[in-house]
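Visitor: Take this sequence and fold it.
(one chain, ligands or ions: 2)
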Amino acid sequence: MRMEAIDFKKLLREERKRNKNSNRQNNNIRDQEEIKKLQKNDTDHVDHGKENNVNNWNYPNNGFLELRELRLRSICEDPQSISYSSTALHNKVEAALTNWLQNIPSGDDGLGNWKTMKHGKRRVCMFGEEEGQSKFQHPQRRQDEMTVMCMLPPPLIEIARELVKRDVFPSSCPPNHVLLNEYQPGQGILSHTDGPIYDHRTATLSLGSDIVIEFTKRLAADEIGTVTETTKTVLLESGSLLVFQGDAYLNYCHGIPMDVLQDITTDECLNAPPHQITTRGPRYSLTFRHKKGNSKYSE
Ligand SMILES: O=C(O)CCC(=O)C(=O)O
Ligand SMILES: [Fe+2]
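Guide: Numbering: from 1, shown residues only. Ligands and ions are numbered 1, 2, ... in the order given. Modelled structure (predicted):
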């Protein structure tokens, strides 16, 4: 029988090749594990960032924020109780607030994070939603995470206090809920009422671009089709405060037209002459309300 000669060199080469492949495979596995670890750390990092971003209010005076002298003036007889101040925010407060708003992280529930609305595409973020608490009472949720979601964060609590100090809200019903809206040019909000879950008073600060808001009288069922809706408009300037309550809150809808890149004031405008043209840019609104049943400042 003829024995085949063993090619040791070939065996050695194959052995080396196998080792190399196996090393490569092990390295690949290690790489994957490392990446996973990094991703986990990254996610942790982002999560911490979420909390830090919202609480990150680098404002002098220990964060204390002051509104300007309000000079809120009533701008309408019918509906009564729409008041407006064009200069509620100091420029430096407006800049610091804009920076704070821009650093709020995106999220999917809008509770302490920016959620994109399906229809209007604008982004919204809420603070002071106590329903959110049940979600954060989950044992795995940390106390500080609950805190971020359930209390008003630093700049908003300062504004809420200022609004009470300036008699915009009574101290018995201070603002304990804030809805933030972020609009890109062309985005708006459908005509709506703010509803019965809040006290009948709304205070909205505007930042960024000017925009026109419309107030339209709500019609009774038998008036629909027979009575023309009355619309009044208000030019919301950057740094302004709009307050409406009572009749304007209960009996009028308010909204900002969508798909509009330029607002032109008309005779119906309560605080600016007609034919004033404003080109829309990015805008933020901060709407303060007292949600019935919420604790005072949610403190
Ligand atoms: O952006 C605005 O000025 C209005 C916001 C508003 O009506 C709301 O959030 O309910
Ligand atoms: Fe509203």
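
Visitor: hey, where'd the strands end up in this protein?
Guide: Under the criterion DSSP state E, the chain contains strands at 73-74, 82-85, 115-116, 123-127, 177-183, 189-192, 201-208, 211-217, 231-236, 241-245, 252-256, 262-264, 277-279, 283-289.

Visitor: Of those, which is nearest ligand 1?
Guide: Among these, the nearest to ligand 1 by Cβ to the nearest ligand atom is strand 283-289 (3.2 Å). Yep, even glycine has a C-beta here, placed from its N, CA and C like the rest.

Visitor: how many degrees apart are the closest one and strand 201-208 in direction?
Guide: 160 degrees (axes from the mean of the first three to the mean of the last three Cα atoms, to 10 degrees).

Visitor: Just give the strands next to strand 283-289 in its sheet, each with its orientation.
Guide: Strands that pair with strand 283-289, judged by DSSP bridges, come out as strand 177-183 (antiparallel), strand 201-208 (antiparallel).

Visitor: rounded to a whole number, what's the mean pLDDT of that strand?
Guide: Mean pLDDT, strand 283-289: 98.

Visitor: Can we start the residue count at 647 from this point?
Guide: Okay, residue one is now 647; in that scheme the one you just asked about reads as strand 929-935.

Visitor: and that strand, does that touch ligand 1?
Guide: Yes: using Cβ under 6 Å from any ligand atom, we find that strand 929-935 touches ligand 1 at Ser931, Thr933.

Visitor: Can you tell me what sits against that strand?
Guide: Contacting residues not belonging to strand 929-935 are listed as 743-744, 747, 802, 805-806, 809, 815, 821, 823-829, 840, 844-845, 847-857, 882, 884 [Cβ atoms under 8 Å, 6 or more residues apart in numbering].

Visitor: Burial check on Ser817, number of neighbours?
Guide: Burial measure for Ser817: 10 neighbouring residues, criterion other Cβ atoms under 10 Å.

Visitor: Contacts only, for it.
Guide: Taking Cβ under 8 Å, 6+ apart, we find Ser817 in contact with Val810.

Visitor: Got phi/psi on it?
Guide: Main-chain dihedrals, Ser817, degrees, to the nearest 10: phi -70, psi -20.

Visitor: And it, how close does it get to Leu735?
Guide: Here the criterion is Cβ to Cβ, to the nearest Å. By it, Ser817 lies 22 Å from Leu735.

Visitor: Likewise for Arg717?
Guide: Applying Cβ to Cβ, the value for Arg717 to Leu735 is 13 Å.

Visitor: Having no further points to raise, I will conclude here.
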